[in-house]
Structures are given as C-alpha cells and as structure tokens.
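1. Show me how the following folds:
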Amino acid sequence: ESAAAAGQRDEAAGQLRAAAAVGAGRGDRHLAAEAAHLAERAHLALAEDAPRQRPALPAPEQALGLTPRELDVLQLLTLGRTNRQVAQELYISPKTASVHVSNILAKLGVAGRGEAAAVAHRLRLFGPDGR
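-> Below you'll find the model as predicted:
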C-alpha cells in the first residue's frame with residue numbers, strides 16, 4: 001500500500017500479484033488471500049493479461065521490497081524486541097535500528113511495530129516461533 005500511496009500503483013500491483021502467485025504456487029491460501037485483501041484496500045487489480053511465460057517469482061519478502069537487514073530487524077520485531085534490543089542483537093546503533101524500523105513500516109504500509117509483526121506473521125515470513 002505504501003507504494004500505491006506514493007503514486008507507484010503499477011509497482012504496488014505487481015508486488016501484490018507476485019505475493020498472490022507465490023501463495024498460489026505454494027498452496028498457501030492465506031498468503032494469496034492477504035495479497036488480495038491488500039490489493040482491495042489499495043483499489044488495485046490483481047488480474048492482468050499475463051504473458052504465456054512468466055519470469056520466476058520473487059519470494060514474498062523480495063516482493064515487499066525488504067532488504068536482508070530489514071528482514072533481520074522485522075524478525076526481531078515479531079519477537080517483540082525494542083529498538084535498543086534490536087540494536088544490541090544486530091550490533092548496530094539504536095538510531096540505525098530506528099531507521100530500519102521506519103523503513104519497514106513504510107514499505108509494509110503500516111502504522112506501527114505491531115502491525116508490521118502481524119503482516120510478517122500473516123505472510124509467514126518466519127517460522128511459527130518467529131525465527
């Protein structure tokens with residue numbers, strides 16, 4: 001949704017299509033439904049005239065535009081860590097941790113840490129124990 005809000009509707013729709021296709025390919029109805037829900041909220045169409053051969057689909061975290069470091073931070077957020085704890089565990093400054101959290105919230109189009117963790121859980125980015 002954040003990409004759609006920034007006027008990048010085609011990119012946002014493409015990312016959501018990719019997430020829905022990954023869910024369908026994995027047999028993960030929950031992921032496909034979550035992508036459809038986000039597309040509906042942003043008034044984006046998931047259906048498009050697809051070419052006969054599609055390129056390999058990115059992983060959900062790549063479709064969301066998260067860097068590997070942002071994934072590390074998001075994983076710690078799902079475990080309820082504070083910025084200070086994230087900084088200590090990743091050997092970065094608390095300010096850098098704060099910047100990563102802000103970037104994650106913007107990329108996921110959510111208002112807070114709890115919502116970001118909920119999106120990660122819904123998309124099953126990490127295992128059942130958050131790792």
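2. how about the helices in this protein?
-> 2-5, 9-26, 29-41, 60-63, 68-78, 83-90, 94-108, 113-122 (DSSP state H).
3. Return the residues in contact with residue 44.
-> 4, 9, 12-13, 16 (C-beta atoms under 8 Å, 6 or more residues apart in numbering). Where C-beta positions appear, they are placed from N, C-alpha and C, glycine not excepted.
4. Just the closest of those to residue 22, please.
-> Comparing these against residue 22 with C-beta to C-beta places residue 16 closest, at 10.7 Å.
5. wait, what's in contact with that closest one?
-> Contacts of residue 16 by C-beta under 8 Å, 6+ apart are 35-36, 38-39, 42, 44, 46, 63.
6. TSV for the contacts of residue 44, including pLDDT and distance to residue 101?
-> TSV is the format used below for the contacts of residue 44 (pLDDT from 0 to 100; distance: C-beta to C-beta, whole Å):
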residue	pLDDT	distance to residue 101
4	48	21
9	75	26
12	79	21
13	78	26
16	81	23
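7. With distance to residue 23 as added columns, please give these in TSV.
-> As requested, those are exported to TSV (distance: C-beta to C-beta, whole Å):
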residue	distance to residue 23
4	19
9	21
12	17
13	16
16	11
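8. So of these, which two are at opposite extremes in space?
-> Spatial extent of the contacts of residue 44 (C-beta to C-beta) is set by the pair 9 and 16 at 10.5 Å.
9. joint contacts of those two?
-> By C-beta under 8 Å, 6+ apart, the residues touching both residue 9 and residue 16 are 42, 44.
10. Which residue, other than its chain neighbours, is closest to the one residue sitting closest to the centre of the chain?
-> Residue closest to the average C-alpha location in the chain (C-alpha atoms, centre = their mean): residue 64, at 4.1 Å. Spatial nearest neighbour of residue 64, excluding adjacent residues (C-beta to C-beta, 6 or more residues apart in numbering): residue 107 at 6.0 Å.
11. Distance of that neighbour relative to residue 126?
-> As judged by C-beta to C-beta, to the nearest Å, residue 107 and residue 126 stand 16 Å apart.
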